[in-house]
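>>> no sequence for this one, just the structure:
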């Protein structure tokens with residue numbers, strides 16, 4: 001393969017994952033009230049670490065690296081939890097929980113295959129749905145211009161938000177393949193261009209950003225460790241590993257490589273190492289990006305050389321703050337319009353995962369009902385368990401943790417513990433099925 005073709009394929013993979021990669025730091029940083037300079041650093045370091053995480057996964061040695069052409073990027077699953085942790089304990093607790101969850105993943109990589117049975121579609125689908133639902137208010141606030149904005153809810157902000165959303169929908173309706181893969185990115189660019197004519201774009205962060213910088217460990221301060229935050233991020237990491245397992249097997253089929261247990265273990269370890277590096281350098285948790293798998297299927301090119309090059313490109317982009325600063329000038333309303341589509345897709349993906357569940361079973365219906373109800377309930381009424389002992393509040397003061405644990409426990413009770421139903425009841429079920 002000539003260098004021009006290799007480069008063009010690498011750029012395609014960068015574009016396919018770029019919007020998903022930068023939107024996470026933009027949302028989290030915006031929700032935590034970071035300055036323009038801090039937000040520029042956050043975006044740049046995140047892109048840099050995406051490249052390093054991808055290279056760690058594509059290479060393969062005795063300890064880590066699955067050796068498949070897989071691209072890693074920030075996981076959307078972590079957005080809601082990180083905003084909640086940052087709001088309650090501060091940004092230092094976010095990175096403490098990321099470090100702890102990464103170490104946890106490295107330690108359990110060897111026997112995660114045995115834990116997968118605790119995360120069937122009914123559990124992972126419920127968790128992802130809960131996370132998506134809790135993110136929607138963030139999108140709506142941004143559509144109005146951002147919480148606390150002087151022009152909150154103005155006609156110009158609402159118009160920009162819906163204009164961006166409609167443009168993304170039109171791209172999805174009219175195009176397929178690569179254009180559809182980068183529809184969110186194109187929507188953000190077009191929305192920002194329109195906003196610039198409305199005087200809503202400030203390019204000062206781009207002008208002030210340097211051309212080159214080096215990553216600094218603990219840029220946002222020394223990490224702090226809170227049990228609730230750590231437990232939340234461990235759950236997020238476990239859900240991401242389950243999703244990654246599916247991507248590994250899909251890539252194994254595409255590349256005609258039969259995956260063994262040791263391959264999966266090395267893949268899990270790579271993700272754990274990437275998460276730890278993210279915590280050290282103030283980036284975010286990482287997971288495999290399925291959009292790049294789709295792009296690989298479309299192009300028909302399965303070589304790891306392309307993904308190695310993609311990782312290298314991301315590292316270079318992350319070392320140039322001016323490129324990162326370009327993404328920070330996107331107005332909140334434009335981001336909000338794109339967020340509705342993206343966060344709605346998180347909910348839709350959770351529902352898609354749940355579509356594999358047998359809902360003829362009343363037990364499964366009850367698991368979903370209780371877990372989503374508990375997760376959303378604690379999110380809406382966060383003080384409901386304030387009178388409980390602090391040790392128990394670790395499990396109850398976050399909607400995602402409460403909902404996830406509810407799903408895991410009820411799945412064990414209804415689907416894993418042997419049933420003691422009387423024979424008559426079983427016979428009745430068999431007759432009804434026939």
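Good, I have the coordinates. Please read all numbers here as calculations on a predicted model, not as lab measurements. Residues are numbered from 1 along each chain as shown.

>>> name the SS class of residue 33, please.
coil (DSSP: H, G, I helix; E, B strand; the rest coil).

>>> pop out the phi and psi values for it.
According to degrees, to the nearest 10, the main-chain angles of residue 33 amount to phi 70, psi 40.

>>> what's the distance between it and residue 147?
Taking C-beta to C-beta, to the nearest Å as the measure, residue 33 and residue 147 are separated by 10 Å. All C-beta spots, glycine's among them, are computed from the backbone N, C-alpha and C.

>>> next one: residue 133
The value you get for residue 133 to residue 147, if C-beta to C-beta is used, is 19 Å.

>>> and the strands in the chain?
Listed in chain order, the strands of the chain (DSSP state E) span residues 72-74, 286-288.

>>> does anything pack onto the first one? Which helices or strands?
With contacts taken as 3 or more C-beta pairs under 8 Å, 6 or more residues apart in numbering; DSSP states H and E, strand 72-74 sits against helix 3-31, helix 36-58, strand 286-288.

>>> so for residue 185, which of these sits nearest?
Proximity of the helices and strands packed on strand 72-74 to residue 185 was assessed by C-beta to C-beta; the nearest stretch is helix 3-31, lying at 3.8 Å.

>>> average pLDDT for the closest one?
Averaged across helix 3-31, the pLDDT comes to 74.

>>> more neighbours, residue 133 and residue 147?
Neighbours were tallied for residue 133 and for residue 147 using other C-beta atoms under 10 Å; the higher tally belongs to residue 133 (21 against 15).

>>> pretty sure that one sits against residue 377.
No - taking contact to mean C-beta atoms under 8 Å, the distance of 11.2 Å between residue 133 and residue 377 leaves them out of contact.

>>> turn the strands of the chain into TSV, columns for mean neighbour count.
Shown next, in TSV, are these (neighbours: other C-beta atoms under 10 Å):
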stretch	mean neighbour count
strand 72-74	29
strand 286-288	29
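
>>> sorry, back to before: export the helices and strands packed on strand 72-74 to TSV and tack on distance to residue 366?
Converted to TSV, those look like this (distance: least, C-beta to C-beta, whole Å):
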stretch	distance to residue 366
helix 3-31	33
helix 36-58	38
strand 286-288	29
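
>>> just these: most buried one?
strand 286-288 (a mean of 29; mean count of other C-beta atoms under 10 Å).

>>> distance between it and the chain's centre?
The offset between the C-alpha centroid of strand 286-288 and the centroid of the whole chain comes to 8 Å, using C-alpha atoms, centre = their mean, to the nearest Å.

>>> name the helices or strands packed onto it?
For strand 286-288, the helices and strands in contact under the criterion 3+ C-beta pairs under 8 Å, 6+ apart are helix 36-58, strand 72-74, helix 227-254, helix 261-280.

>>> weakest of these in terms of mean pLDDT?
Within these, the least confident segment by mean pLDDT turns out to be helix 227-254, at a mean of 78.

>>> and it, what's buried?
Of all the residues in helix 227-254, those buried under the rule 16 or more other C-beta atoms under 10 Å are 228-245, 247-248, 250-252.
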